[in-house]
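>>> what's the 3D shape of this:
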Amino acid sequence: PHPQPEKQRMFYRGSGLNLTSGQYTAPVAGYYMFTATLHIARREHQRKGQPCRGNRLRVLICVQSRCQHNSNLETVSHLESSGDLFTISVTGVLYLQAGQYASVFVDNAAGSPLTVQSGSDFSVILLGV
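Okay, the predicted model is just below:
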């Protein structure tokens with residue numbers, strides 16, 4: 001039996017996705033199309049007069065949690081100083097060996113705490129072996 005998504009109206013098929021760990025494990029070696037769309041909320045605003053520590057936000061899809069070894073997809077966004085909710089997406093193709101996993105990482109250099117909101121998604125499609 002496959003784990004089922006907690007919310008209704010979510011599309012789910014296949015055995016590679018672990019909803020508890022947030023990892024997709026490749027059942028066979030091949031090229032996979034990955035897409036992640038994250039809705040991110042800023043939990044608190046930076047106070048006026050406070051130095052800006054940065055406004056960069058990176059979202060990565062990494063193989064085997066190795067985000068620095070060219071085994072990843074990456075997008076970078078610069079957050080506006082105003083606004084509470086941002087959407088950031090990353091998509092692309094990665095080759096995975098059977099048994100390797102991929103997962104989504106958020107690198108927050110935005111200077112304020114961020115929360116990934118419900119409605120965010122992570123999808124994987126096997127393109128070919």
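
>>> so where's the chain uncertain?
Scanning the chain with the threshold set as pLDDT under 70 gives 1-14, 44-54, 81-83.

>>> Bridge partners for the most centrally placed residue in it, pull those for me.
Closest residue to the average C-alpha location of the chain: Val104 at 3.3 Å, with Cα atoms, centre = their mean. Applying DSSP bridges to Val104 gives these bridge partners: Ile61.

>>> just checking, it touches Ile40?
No: counting by Cβ atoms under 8 Å, Val104 stays clear of Ile40, with 11.8 Å between them. Backbone N, C-alpha and C define where each C-beta goes, glycine included.

>>> related to what we said a few turns ago, and the residue nearest to the centre of the chain, how close does it get to Gln23?
9 Å (Cβ to Cβ, to the nearest Å).

>>> same deal with Ala36?
12 Å.

>>> which one of these two has more residues nearby?
More crowded of Ala36 and Gln23, by other Cβ atoms under 10 Å: Ala36, with 23 against 17.

>>> Which residues are in contact with that one?
Contact analysis of Ala36 by Cβ atoms under 8 Å, 6 or more residues apart in numbering lists Val59, Ile61, Ser89, Val90, Thr91, Val104, Ser120, Asp121, Phe122, Ser123.
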